[in-house]
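Visitor: Compute the structure for the input listed below.
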Amino acid sequence: MKWYLIVLVFISLLGASTLAYQVFKMTELDAKSRGFKHPKAWGFFALSGNNSSGLLLYLIGRKKYLSNMNDVDKQIIESRKNKAGVSLIFFALSTIALFAVFVLEF
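Guide: The predicted model follows:
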């Protein structure tokens, strides 16, 4: 296995894992601000499913509850959104590069 394949796989996995972590933390903070019981469980639930069905169910179910988020928590959410965007860019670009390498070499 070539060294650049290892680097691309590592970057792809790093981007995917940090994206999942940011989604987990944003969901946990949102669930906490809405007064849900067990916000960490809601964060894990949002990550479950191959087609993000857990996140969709959380987003549909949270409409019944008002958010009591203060300004500090809003800034944290915005920071996590930016970090999630960077993670998504790393994940997407490394996956595209990995696919291109596989097509060109194999």
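
Visitor: Now do the contacts for the residue nearest to residue 57 when sequence neighbours are not counted.
Guide: Among residues not flanking residue 57 along the chain, residue 45 sits closest, at 7.5 Å (Cβ to Cβ, 6 or more residues apart in numbering). From N, CA and C alone the C-beta is placed, and that goes for glycine too. Residue 45 makes contacts with 54, 57, 58, as judged by Cβ atoms under 8 Å, 6 or more residues apart in numbering.

Visitor: any idea how far residue 58 is from residue 45?
Guide: Noted for residue 45: a distance of 6 Å to residue 58, by Cβ to Cβ, to the nearest Å.

Visitor: go on, residue 36?
Guide: Taken as Cβ to Cβ, the span from residue 36 to residue 58 is 9 Å.

Visitor: any shared contact partners between the two?
Guide: residue 42.

Visitor: Between these two, which has more neighbouring residues?
Guide: residue 58 (20 against 17; other Cβ atoms under 10 Å).

Visitor: Thought residue 27 was touching that one, still the case?
Guide: Yes: if you go by Cβ atoms under 8 Å, residue 58 and residue 27 touch, sitting 6.3 Å apart.

Visitor: Can you work out which residues contact both of the two?
Guide: Here residue 58 and residue 27 share the contacting residues 42, 46, scored by Cβ under 8 Å, 6+ apart.

Visitor: Tell me the buried residues in the longest helix along the chain?
Guide: For the chain, the longest helix by residue count, based on DSSP state H, is helix 71-105. Residues of helix 71-105 classed as buried: 77, 80, 83, 84, 87, 90, 91, 94, 95, 97, 98 (neighbour count, 16 or more other Cβ atoms under 10 Å).

Visitor: Excluding sequence neighbours, find me the nearest residue to the third one.
Guide: If I follow you right, that is residue 83. residue 22 (5.2 Å).

Visitor: Whichever strand or helix holds that neighbour packs against which elements?
Guide: Residue 22 is part of helix 3-33, with elements assigned from DSSP states H and E. Judged by 3 or more Cβ pairs under 8 Å, 6 or more residues apart in numbering; DSSP states H and E, helix 3-33 is in contact with helix 39-47, helix 53-61, helix 71-105.
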